[in-house]
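Q: give me a 3D structure for the following:
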Amino acid sequence: MITVKEIRQQFLNFFEAKGHKIVPSAPIVNQNDPTLMFINSGMAQFKDYFLGNETPSSNRIADTQKCLRVSGKHNDLEDVGRDSYHQTMFEMLGNWSFGDYFKEEAIEWAWELLTKVYKMDEERLYVTVFGGDEEDGVPFDDEAEKLWLKWVNKDKVLRFGKKENFWEMGAQGPCGPCSEIHIDIRSDAERAKVDGKTLVNKDHPQVIEIWNLVFMQFNRLADKSLVTLSSKCIDTGMGLERVCMVMQGKTSNYDTDVFSPFISLIEKESGIKYKGSYSADAKEDIAMRVIADHLRAVSMVIADGQQPSNTGAGYVVRRILRRAVRYYYSFLHIKTPFIYKLLPTLADMFEEVFPEVKAQMQHISNTIKGEEEAFLRTLERGLKLFADLKVKNGQINGDDAFTLFDTFGFPYDLTCLLAEEKGWTVDETAFNAALAQQKARSQKDALKDVSDWVELLSDSSVEFVGYSDSESKSKVVKYRKVIAKNIEMYQIVLNKTPFYAEAGGQVGDTGLLWFGKEKIPVTDTKKENNLIVHWVKKLPANIDHEVVAQINTEKRQLTENNHSVAHLAHAALRQVLGAHVQQKGSFVSSDKMRFDFSHPKKMTLDEIRKVEEIVNAKIRANISLKEENNVPVAQAKKAGAMMLFGEKYGESVRVITFEEGFSKELCGGCHVKSTGQIGVFKIVIESAIAAGIRRIEALTAESAEVYIQNELAALFEARSLLKNPKNLGKSIQDLLDSNKKLKKEIEKMAVLEAQIAKEGLKKAIVKIGDVHFLGIITTIVSKDGIKQLSSDLMKEIKNLVLVLGAKNKDKAILTVAVDTNVVKNYNLNAGNIIKTISKEIQGGGGGQPTYAMAGGKNPAGLNNAIAAVKQIVEEVVLVL
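A: Below is the predicted model of the structure:
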């Protein structure tokens, strides 16, 4: 049987023989394009070529691209595992022409590869063409149809509309009509009963699209209109996993050697046999497919530098991984981390095509295992919270289910599953309403209205001169208006600029644009589709005027300090901790340097000190910057330059060296001319941000000096307060020990105080129905004393609702305790009660159903608060 590796290589060999340059996949985490979080198609990395922002190294290119479809328009996440062909991460085989060949060659070569190289049965293949669209004013693609008829019978060429045969990347951007190639892999008996052409584009699991040939000739603008691209291009995409299914004679992607090794390992781990069922009830099979798919997705994204987090791309990674954990926890009865154990098999599978997985296997494994452990704890906590949910008439409140999901991360479908096991239901309408409200809030926060570019110069090329110059004379190439969160801003692109656009962890420059005597402040500079975009709050009166662009030099110099010291720190960390240290993220601004790196444990104080010593020694040595531009990437790699996983490098790169043999990295950022400019380096924070990932935050120059002076001043003050002891550390420890001893004495006093007060308070208890109520102002003001008194009273008196008020100087304290039986029988909740009555003391508070506290600034309101609780109890108990 032909393997996935052989199928992939045959594709690349075929197009290389047709004069195509084979290029590596771009990182799956997208860069410099705010319209796209992840690469979701083969053409995404070539978008700038279609838009004319960049010139390709070859007019003919082919590759296999890592893709992810889990958000936005192209979102396959919830279908994964339920059918035979949807995936989150997939490989897109593709060939491209940038102003070279067009429809004729694309169609001829596609047919040749499928029928002559892959030897697919021509009788099983169907092709579709664009049938035209009146609204867009784009006619039927008769050219493509005529070309197909040279190779395919007429009854196998089908016309479809815009939905099926007009490819668009998003709401805006390159697009065009397309031809899809579909294959019917049903049995001969099934094909004899139903003609395959009637099942094309009908979501039949065995009549599927395998290749899409896009004839890229338009650009969709913000107003939905289409403009013709400067040159016609070809963009094709063929899903490798689907081709494997066809070539290996399978009826499911998950039965191919792309996924079967993982499913076998999952069978072994779970002790459950995979049956290959696609029934909605086949939860075990669905779970295995979900895990096999999601392992690939999260591993690729982490390998390309994206850590799981609670926002943006990091949240998507976490969501995918948690979905896999939820499935094995719920349906495979696995209660300990195990997805990370599958990683060695994945690394071996991708070693030749995506070597970054094997190169970072330990880091990826640690990250996945840490996330699994964290979410399993969330699931255990969620089960306890589920047990405390209110159930009325056999139904769980939808708002409560949403709180479990939104606040505690407990999956909604797991809540439904647990409810079903107990014979309950969940109010899905209320849950969906709460979810819709949350989405509406998020969409409102993220709302962004982007106008079309107004072009002033026909030549859209942009020159960055900021490595050497802080000022330039320029012209506006184009501009547009952007409205985000009801704030109106403008974006300006200049033909020449010293402004550095945010990239590689370095913040964008700020400064001024002078249009004659009119001054326009630049608030930020960002990169978008490789354009340097200057953000301003208003446009000048005469935008055609020559522009003098000036960066904020003081801010830039401080940023350069922090960027250069990040390189020095990276090298020092590798010296002190080991060669396993790899950069996993950074942030450099005028204020500070933040550096994330792979390392399994907390740095010791001695290790931090050694890193500081090495870096400061290099600063004092005043090492000159060695900057090399346009170095072939292979040459830079051979010279030992550090290359970061997840970065997209061109064929030529910029190499930054601070002392040969110490620090040599590929970098496009701004740096000091010599290290002495940095002044001094001081690490102020060392912390963990994820499993196997540490972070240091550091200061340089004047900021570091101020920090050190403040720390010394605090140390001097501490010495003075302790009468200048010889051993400051011992004196502080003695003080802490003494304080701990005194606290224990206070706790004993609180217990005694509560015991004395308790007997007197019992006399004030009144009965309301079968509930005992005690509301009184006590002289006890310590938190421990109040808590002890409440605990003692609740233990001795059944069905008690307790309200204690206390005055501490000019502050008011309220405590509410409710017996568990009263909570259950009368739905009286201490946390809710305290929120209601705390307004009487002009304060606030909260707590659990059985115990809650509040503080306020109005002791005069204590009696009213106590009376309010009594009224609440009477209204509930006496009515019921």
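
Q: give the other helices and strands that the longest helix anywhere in the chain contacts.
A: Longest helix in the chain by number of residues (criterion: DSSP state H): helix 728-762. For helix 728-762, the elements it packs on are helix 701-721, strand 771-777, helix 783-796, judged by 3 or more C-beta pairs under 8 Å, 6 or more residues apart in numbering; DSSP states H and E. Heads up, the C-betas are built off the backbone N, CA and C, glycines and all.

Q: what about that helix, distance to the chain center?
A: Distance, stretch centre to chain centre, for helix 728-762: 47 Å (C-alpha atoms, centre = their mean, to the nearest Å).

Q: kindly check the end-to-end length of stretch 773-793 for me.
A: 11 Å (C-alpha to C-alpha, to the nearest Å).

Q: what does it contact?
A: 746-747, 749-751, 753-755, 757-758, 761-762, 764-767, 797, 800-808, 813, 815, 817, 851, 853, 862-863, 866-867, 869-870, 873 (C-beta atoms under 8 Å, 6 or more residues apart in numbering).

Q: in which helix or strand would I find V482?
A: V482 is part of strand 476-484, with elements assigned from DSSP states H and E.

Q: name every strand pairing with that strand and say which way it goes.
A: In the sheet, strand 476-484 lines up against strand 448-450 (antiparallel), strand 454-455 (antiparallel), strand 487-494 (antiparallel) (DSSP bridges).

Q: residues in contact with stretch 264-276: which ones?
A: Contacts for stretch 264-276 (C-beta under 8 Å, 6+ apart): 252, 254-255, 263, 282, 284-285, 288, 291-292, 328, 332-334, 338, 341-342, 345.

Q: show the buried residues in those residues.
A: With burial judged by 16 or more other C-beta atoms under 10 Å, the buried subset of these is 252, 254-255, 263, 282, 284-285, 288, 291-292, 328, 332, 334, 338, 342.

Q: rewinding a little: could you tell me the least trusted of the strands paired with strand 476-484?
A: With a mean of 75, strand 448-450 has the lowest mean pLDDT of the strands paired with strand 476-484.

Q: would you agree W535 falls within a strand?
A: Yes. Membership of W535 in a strand is supported by DSSP: H, G, I helix; E, B strand; the rest coil.

Q: what residue ranges in the stretch 401-550 of the chain score low on pLDDT?
A: 442-448 (pLDDT under 70).

Q: quote the end-to-end distance of stretch 659-674.
A: 11 Å.

Q: hang on, I meant stretch 570-584
A: Counting by C-alpha to C-alpha, you get 11 Å between the two ends of stretch 570-584.

Q: buried residues in it?
A: Applying 16+ other C-beta under 10 Å to stretch 570-584 flags H570, A571, A572, L573, R574, V576, L577, V581, Q582, Q583, K584 as buried.

Q: among those, which are in strands?
A: Of the buried residues of stretch 570-584, the ones assigned to strands by DSSP state E are Q583, K584.

Q: for the buried residues of stretch 570-584, which one is nearest S41?
A: K584 (26.7 Å; C-beta to C-beta).

Q: and that closest one, how far is that from A287?
A: K584 sits 31 Å away from A287, going by C-beta to C-beta, to the nearest Å.

Q: same question, A484
A: Distance, A484 to A287, using C-beta to C-beta: 40 Å.

Q: just D83 next, same as before
A: Remark: distance between D83 and A287 (C-beta to C-beta) = 14 Å.

Q: D770 too?
A: Using C-beta to C-beta, we find D770 at a distance of 49 Å from A287.

Q: check contacts around the closest residue to F515 other than its chain neighbours.
A: Distance criterion C-beta to C-beta, 6 or more residues apart in numbering; nearest residue to F515, sequence neighbours excluded, is P540 at 3.9 Å. Residues in contact with P540 (C-beta under 8 Å, 6+ apart) are L513, F515, E518, I520.

Q: that older thread, quick one: which of A484 and A287 has more around it?
A: A287 (24 against 13; other C-beta atoms under 10 Å).

Q: in this model G81 seems to touch the more buried one, though I could be wrong.
A: Yes. In this structure, A287 is within contact of G81 by C-beta atoms under 8 Å, at 7.2 Å.

Q: joint contacts of these two?
A: Residues touching both A287 and G81 (C-beta under 8 Å, 6+ apart) are Y327.

Q: nice, that's everything, thank you.
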